[in-house]
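>>> Would you be able to build a 3D model of this:
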Amino acid sequence: MDVQILLDQMTVEEKVGQLFLLAFSKDRIEEARILFEQHYVGASYISNDNVPTPQAALALTRTIQGYAAKTRLHIPLLLGADQEGSWSVMTPGSCTGPGNMALGATADPTAAYHMYQVIGEELAAVGLNTLLAPCADCNSNPHNSIIGMRSFGEFPALVGAMTAAAVQGAHVGGVAVAVKHFPGHGDTTLDSHRGLPTVSRTRDELLRIDLHPFIEGIRAGAEIVMTAHIIFTALDAENPATLSPKILGDLLRGELGFTGVVLSDSMNMRSMKRTYDPQRSVVQAINAGVDLIMLAEEHYDHDASTYIDQQTALLRAVKEAVENGQLSMQRLDQAVGRVLRLKEARGLLTGSLPEGSIAGIGGEAHREIEMQVSRQAVALLRGEAAALPLDREAQVVLINTSLRASYATLNQTRGIGPNPDQPAFDYFEAAMREKFPRLRVITAEAFLAGEATFSPDEKLVAVTENYPLPGMDFDQRSQTQIISDLHSLVGARLIVVALRDPYELAALPAITTYLCAFSFRPCAACAAAEVLAGEVVPSGKTPVSAQMTA
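Numbers count the residues shown, from 1 in each chain. Predicted coordinates for the structure are as follows:
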């Protein structure tokens, strides 16, 4: 259908609905039905809470597209997911790959291309037509808790090349692509799920560092740019990017020439809800240049008794802004036109949607690609290659440095975030048991209780972990203490295996052998075990600054 003809047929209520990307909690499908059928909402954020398996994803997308088909104009939905490696859906059934920082450690854009092609194919197969990734943020701040491994790295040229390759690969896989979080979330310490961060880089620094990957992603054809809820003082000292005409209009549209859809990050995040009135801020965001308002459910913010009222109040606020002249009809049509053109470009306005299939999701061909890129990523950041591999017949002691209670947070995010079904340590332990028959395992609790002893001929491997969780932190406090105490006991015999980013090296100055997988995913854990067993030579390079020498 011709977009202009469709636009001319739409009522104000139907147009306003197309400007919202809403989410719903878990299996609360009736709430979704009301929003899509009765209020013409045109897009949805899908979390692992909604789609824990490929089968659930296929069933859900068919159901909610059916709701959209019952509206007067039958306009299909954009259905987006954070399938970015470090954050994921359909976990563990889908192939997430090791995540962006591990891909950056390969220094090989073709690795990002192939991994994102897999991601695109698996999303498209179940009707998830929009990838809310990759993160194009240069993670230049080691204390950045919310980006971290979600970034390809620190260095603009590397991040730009990987971003472009990821966009191209995902397109071949069959999905629309959103690069995020414009103009860059890499130099923050405050998680925008918790509060409103400020970045004080100069304009020249922003252009040289943070904006470069977005320029490359746009050149590669990204149809969507997602905004950051961050104040950039050099660009607009008063408004966060999401609410800034200077950033979204003058910079993104003007200087960078972006013509696609501007999507806000979730307006339900505390950075926005604690600072701005929700109804006024959605109108301000649209006037600033946002075309699609995301109201993704955050793990700390769902009240079933008020959910429908809260969402419809925002739709009503935009409609009233059009009626009273706060939001011009011209701006409304411009935003809706961009959303509809994206749907047209993705084949959603042709009158029929593909049936979809779970065949191939998590299959052997895709698993081999994620293992291949995971192997490329593993890096020996400290130590001599001669220290590896370990003798298969040696007595190897594997020490978990994370308290078991610390893993509880991994499943408290309501489907937004990493969503691992098991801790990385457990996957690593299973892989090590296959390769080292004399393996002995010591828990963090046992070590801290003084119950661990070591003989002189034992090889010691200690595992550290981290996970980028929305609105909360993974408790790492036991890790540094255990590593330090272990080193005092056994010295250079200790090998640290990092199923995480390497920023902890600054706190581990004495450690002489440090192997980093840049990821907590099962594929990364298996790749690290293969290196210890001599099946793979570590060839990765750190994509972020880390203290390389002991």
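>>> just how off-centre is stretch 439-449 within its chain?
Using Cα atoms, centre = their mean, to the nearest Å, the distance from the centre of stretch 439-449 to the centre of the chain it belongs to is 32 Å.
>>> which of the residues in it are buried?
Residues L439, I442, T443, A444, F447 are the ones in stretch 439-449 that count as buried (16 or more other Cβ atoms under 10 Å). Placement of C-beta: from N, CA and C, glycine included.
>>> How are the strands of the stretch 201-350 of the chain distributed by residue range?
With DSSP state E, counting those that start in this stretch, the ranges of strands along the stretch 201-350 of the chain come out as 224-227, 231-232, 261-263, 293-295.
>>> could those be laid out in CSV, adding mean pLDDT?
Rendered in CSV, the data for those read as follows (pLDDT from 0 to 100):
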stretch, mean pLDDT
strand 224-227, 97
strand 231-232, 92
strand 261-263, 98
strand 293-295, 91
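>>> could those go into JSON lines alongside distance to V463 and mean neighbour count?
As requested, the strands of the stretch 201-350 of the chain are arranged in JSON lines below (distance: least, Cβ to Cβ, whole Å; neighbours: other Cβ atoms under 10 Å):
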{"stretch": "strand 224-227", "distance to V463": "33", "mean neighbour count": "26"}
{"stretch": "strand 231-232", "distance to V463": "38", "mean neighbour count": "24"}
{"stretch": "strand 261-263", "distance to V463": "37", "mean neighbour count": "26"}
{"stretch": "strand 293-295", "distance to V463": "36", "mean neighbour count": "25"}
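>>> hmm, which two among the buried residues of stretch 439-449 are most spread apart?
Distances among these were taken as Cβ to Cβ; the most separated pair is L439 and A444, at 16.9 Å.
>>> per-domain residue ranges of the chain.
Per automatic domain parsing, the domain ranges recorded for the chain read 3-345, 378-532.
>>> Any chance of a markdown table for the strands of the stretch 201-350 of the chain, columns distance to L132?
Output for the strands of the stretch 201-350 of the chain, formatted as a markdown table (distance: least, Cβ to Cβ, whole Å):
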| stretch | distance to L132 |
| --- | --- |
| strand 224-227 | 7 |
| strand 231-232 | 22 |
| strand 261-263 | 8 |
| strand 293-295 | 9 |
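>>> looking at the ones you listed, which is closest to E255?
When these are ranked by proximity to E255, the top entry is strand 224-227, at 13.1 Å, counting by Cβ to Cβ.
>>> So K541 versus L292, what's the distance?
K541 sits 37 Å away from L292, taking Cβ to Cβ, to the nearest Å as the criterion.
>>> what ranges do the strands span in the stretch 51-200 of the chain?
Counting by DSSP E, counting those that start in this stretch, one finds strands in the stretch 51-200 of the chain at the ranges 78-81, 130-131, 176-182, 198-199.
>>> do you know how far V179 is from M269?
Using Cβ to Cβ, one obtains 18 Å as the distance from V179 to M269.
>>> So if I had to pick from the two, which one is more boxed in?
The residue with more neighbours, out of V179 and M269 and counting by other Cβ atoms under 10 Å, is V179; that gives 29 against 26.
>>> what's the closest non-adjacent residue to that one?
Among residues not flanking V179 along the chain, G217 sits closest, at 3.8 Å (Cβ to Cβ, 6 or more residues apart in numbering).
>>> so how many other residues sit close to the one you found?
A count of neighbours around G217, defined by other Cβ under 10 Å, yields 29.
>>> what about stretch 260-267, distance to the chain center?
When C-alpha coordinates are averaged (Cα atoms, centre = their mean), stretch 260-267 and its chain have centres 15 Å apart.
>>> which other residues reach that stretch?
Stretch 260-267 has contacts (Cβ atoms under 8 Å, 6 or more residues apart in numbering) with 21, 45, 178, 180-181, 192, 222-229, 242, 248, 252, 272-273, 278, 281-282, 285, 289-296, 298, 338-339, 342.
>>> Going through the residues you listed, which ones are buried?
Applying 16+ other Cβ under 10 Å to these, the neighbour count classes 21, 45, 178, 180-181, 192, 222-229, 242, 248, 252, 272, 281-282, 285, 289-296, 298, 338-339, 342 as buried.
>>> In the stretch 351-500 of the chain, what residue spans correspond to strands?
Listed in chain order, the strands found in the stretch 351-500 of the chain under DSSP E, counting those that start in this stretch are 379-382, 396-400, 440-442, 459-465, 494-499.
>>> Sheet partners, orientation included, of the second one?
Each strand that pairs with strand 396-400, with its direction, by DSSP bridges: strand 440-442 (parallel), strand 459-465 (parallel).
>>> Put the alpha carbons of stretch 530-548 into PDB.
What follows is stretch 530-548, C-alpha atoms only, in PDB (Å, rounded to 0.1, in the frame of the first residue of the first chain):
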ATOM      1  CA  GLU A 530      39.300 -25.100  24.800                       C
ATOM      2  CA  VAL A 531      42.200 -22.700  25.100                       C
ATOM      3  CA  LEU A 532      43.200 -24.200  28.500                       C
ATOM      4  CA  ALA A 533      43.100 -27.600  26.900                       C
ATOM      5  CA  GLY A 534      45.300 -26.600  24.000                       C
ATOM      6  CA  GLU A 535      42.500 -27.100  21.400                       C
ATOM      7  CA  VAL A 536      42.600 -23.300  20.500                       C
ATOM      8  CA  VAL A 537      45.400 -20.800  20.500                       C
ATOM      9  CA  PRO A 538      44.300 -17.500  22.100                       C
ATOM     10  CA  SER A 539      44.400 -14.800  19.400                       C
ATOM     11  CA  GLY A 540      42.000 -12.100  20.600                       C
ATOM     12  CA  LYS A 541      43.100  -8.600  21.500                       C
ATOM     13  CA  THR A 542      41.500  -6.400  24.100                       C
ATOM     14  CA  PRO A 543      39.200  -3.800  22.500                       C
ATOM     15  CA  VAL A 544      39.300  -1.600  25.700                       C
ATOM     16  CA  SER A 545      42.100  -0.200  27.700                       C
ATOM     17  CA  ALA A 546      43.300  -2.600  30.400                       C
ATOM     18  CA  GLN A 547      46.300  -2.900  32.700                       C
ATOM     19  CA  MET A 548      48.200  -5.400  30.600                       C
END
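>>> Before I go, just wanted to say thanks for your time.
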